[in-house]
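Colleague: Got a predicted model here, sequence first, then my questions.
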There are 2 protein chains.
Amino acid sequence: MSEPHQERVFPARPTMKAIAEQVGVSIKSVSRVLNEEGGVSADTADRVLAAADRLGFRRNHLARSLRQGGRTETIGLVVKHSSTRFYDNLIRGVEGVTARHGLFLLTAASQSADREKSTLLALSSRQVDGLLVVPTGSDQSYLRPEQFAGTPMVFIDRPPTGLEADTVVTDNVGGGEAAARHLLDRGHRRIAVLGAASSLYTVRERLRGVQSALRRAKVRADRQLTQLDLDSVEDVRGSTLALLALPDPPSAIFSLNNVCTIGVVRALREVGLSDRIAVIGFDDFELADLLQPAVTVVAHDIGAMGRLAAERLLSRMAGDTSDPQTVTLPTHLISRGSGEIPPGIG
Amino acid sequence: MSEPHQERVFPARPTMKAIAEQVGVSIKSVSRVLNEEGGVSADTADRVLAAADRLGFRRNHLARSLRQGGRTETIGLVVKHSSTRFYDNLIRGVEGVTARHGLFLLTAASQSADREKSTLLALSSRQVDGLLVVPTGSDQSYLRPEQFAGTPMVFIDRPPTGLEADTVVTDNVGGGEAAARHLLDRGHRRIAVLGAASSLYTVRERLRGVQSALRRAKVRADRQLTQLDLDSVEDVRGSTLALLALPDPPSAIFSLNNVCTIGVVRALREVGLSDRIAVIGFDDFELADLLQPAVTVVAHDIGAMGRLAAERLLSRMAGDTSDPQTVTLPTHLISRGSGEIPPGIG
DNA sequence: TCTCCTTACGTCAACGTTGACGGTAAACGT
DNA sequence: ACGTTTACCGTCAACGTTGACGTAAGGAGA
């Protein structure tokens, strides 16, 4: 690139003081005009606005918030962005609500679990009025001072650890149960389950749903068929192929999130077993209906999750101090074909 | 929900003053300890840190930044989030760079073009140290005061209008040309082009690439075959079906972004012409390789775009005051099958 | 002994804004 | 004529933090 550090002095940003000097009034009058407080003659107001426009004035929100005791009309949102659709849908849901209430949404992505804490503290230190968190780390007790100071916070997709707070989650157990039942109803007895980190609440819950359905159907679970902690697409591929190579392979696969599902679909395609092994995925994904066979999924409404969480937060910000609530959203199974494949010939 | 507005007073957030009182030192000493300035005895420092921890102190970043003249260690990023992959990849690219430099990235989504301005001004008013913008609106001249005040800004994916600034873009013309040439080389003469809003820079550029390739191949362009301003999936579907119903229908379709591409694929599937009509899409998308036929695309590296833009911004923030640059990133065609379908029998 | 330096603090003012309050002159009521 | 209200505008202090500067105690060196 070109050599940096050439000397050039930028003019300071114009402040209310600059406007006041240009117009010949006090700073306070400028403030009054810009905040539409009234008590200023129309003529003065016009001159102030004209000067503000001419100078390209932008109010220093830092100073304003500081003076007003920390209210920033800002809420923080922390998400670890990995799965594509999740992020997008969530933000859309949240933004729909916050925008309606004149709030500014700060989205900060926490790349990894260990950065989650620093990201949240950074938001807190920037004096956000509320926090929406999709927790990734294994402990959120460091947020207690925030909670103690009355900063409202709502957890999304997973409950917090080391803290009691409002939470909006999907009915993971119910979804897992529905998927397993769907396969059991079609005669499957050897059902493999693939999933990401077993430390994740969602993974554990979905698995719990599966186990509950298996118990109810009096089908004994084979530990070999449950493969968790698959972090990469490559892991998923490997596990899938290993499962298929078993002496007594599964006739159906339930994958606990959409990244895994896509990995499974790829692996099956690779060995030409796409229409021999039944597949159900948790979480819908784009183009699932265009694959062959189209992929049956347990869908949940992530946008609704964001919306509800945002509404909960706003209600807290408006002064609701009732006990923390947990809202559980239903799932629904979208049958597309891959779940209809019967248990074949070994 | 439960009735709000119950009375409960939250304690004020602890400030350095509170710590100072507990420890029995001055506020300044507390500040020194927390900023690791030195000049404080180890014993005092320990007691300050202990008190800070006990009280759950978080520095008020507003006040700090205000005092320090507006530097917030924050850069703003504005994106309109619609196409899924774009957003995710971009942020990942940007974050990789910003995190390495200890900067806090504020992502604010601009739902629509008219909200872009207010979003940007909100970020500016929050005193961000730099701006990364994927412009959506038709004019960004309102950012001149920011530029005048020395706030560095880099535009991503499209150049700004009414302003001169650093820009990182894809070689849209080259990509469009490559796609058209690919189809022309395989004998296609009637090539349809589907795209989103013709007001978009990217759409116009990609189209320009197509036209250039057609001219060079001495194939006359049929205006009927170019359908722009398709905003919804439904629009795309309608246009595709209409094209196919023409007396002299296209033998190939080039779609200018991935939303359109998916719409085209759906429409072709619907009328059973998936393996009769060649398809190339601009911008790769997940599962493109698993569709049947797999979809040929012109891919570009959105993550790299984010990375380069962030680096440009950092270099500006470090004092580089050379003239605005435009960086153009190459595309590459990924041939997968849908682009290999020959011009069939009428 | 006195000077000079260092260490470890404290005091003060300021960043840009706004809430509380005060003042002045014109307009109004009787 | 008087008091009283009203419209308009200014002064001052404060939000929480930090830079500039001041100072007192202790040690080193002459």
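Modeller: Cool, got the structure. Because the structure is predicted, anything quoted here is derived from the model rather than measured.
Colleague: can you tell me which residues contact the residue nearest to A:Ala149 when sequence neighbours are not counted?
Modeller: Once flanking residues are discounted, A:Ala149 sits nearest to B:Arg13: 4.5 Å by CB to CB, 6 or more residues apart in numbering or on different chains. Just so you know, the C-beta spots here come from the backbone N, C-alpha and C atoms, and that holds for glycine as well. By CB atoms under 8 Å, 6 or more residues apart in numbering or on different chains, the residues touching B:Arg13 are A:Gly70, A:Pro145, A:Ala149, B:Arg58, B:Asn60.
Colleague: okay but A:Val168 is in contact with A:Leu329, surely?
Modeller: Yes. Using CB atoms under 8 Å, A:Val168 is in contact with A:Leu329, at 7.0 Å.
Colleague: Overlap in contacts, these two.
Modeller: Shared contacts of A:Val168 and A:Leu329 (CB under 8 Å, 6+ apart): A:Met305, A:Leu308.
Colleague: of the two, who's got more company?
Modeller: The neighbour comparison of A:Val168 against A:Leu329 (other CB atoms under 10 Å in any protein chain shown) goes to A:Val168, with 26 against 17.
Colleague: How far off centre is stretch A:102-111?
Modeller: Relative to the centre of its chain, stretch A:102-111 is centred 11 Å away, using CA atoms, centre = their mean, to the nearest Å.
Colleague: Could you see whether chain B lies near it?
Modeller: Yes. Stretch A:102-111 lies in contact with chain B when judged by CB under 8 Å from any CB of the partner chain; the contacting residues are A:Phe104, A:Leu105, A:Leu106, A:Thr107, A:Ala108, A:Ala109, A:Gln111.
Colleague: ok but the third one is inside a strand, no?
Modeller: Yes. With DSSP: H, G, I helix; E, B strand; the rest coil as the criterion, A:Leu106 is assigned to a strand.
Colleague: List the beta-bridge partners for it.
Modeller: When assigned by DSSP bridges, A:Leu106 has beta-bridge partners A:Gly76.
Colleague: any idea how far it lies from A:Gln227?
Modeller: Counting by CB to CB, to the nearest Å, the gap from A:Leu106 to A:Gln227 is 38 Å.
Colleague: So for the two, which sits in the more crowded spot?
Modeller: The neighbour comparison of A:Leu106 against A:Gln227 (other CB under 10 Å) goes to A:Leu106, with 26 against 20.
Colleague: Now for the more buried one: which residues touch it?
Modeller: A:Leu106 makes contact with A:Thr74, A:Ile75, A:Gly76, A:Leu77, A:Leu123, A:Arg126, A:Val128, B:Leu106, B:Thr107, B:Ala108, according to CB under 8 Å, 6+ apart.
Colleague: how does it look with 6 Å?
Modeller: A:Thr74, A:Gly76, B:Leu106 (CB atoms under 6 Å, 6 or more residues apart in numbering or on different chains).
Colleague: And it, how close does it get to DNA strand C?
Modeller: According to CB to the nearest atom of the strand, to the nearest Å, A:Leu106 stands 20 Å off from DNA strand C.
Colleague: repeat for A:Leu243
Modeller: 62 Å.
Colleague: Which other helices and strands does the helix or strand containing A:Val168 contact?
Modeller: If you go by DSSP states H and E, A:Val168 is part of strand A:166-170. Strand A:166-170 is packed against strand A:153-156, helix A:302-317, strand A:326-329, with contacts defined by 3 or more CB pairs under 6 Å, 6 or more residues apart in numbering or on different chains; DSSP states H and E.
Colleague: Which residues of the stretch 1-150 of chain A lie near DNA strand D?
Modeller: Counting by CB under 7 Å from any atom of the strand, the positions of the stretch 1-150 of chain A adjacent to DNA strand D are A:24-29, A:32, A:38-44, A:63, A:66-67, A:69-70.
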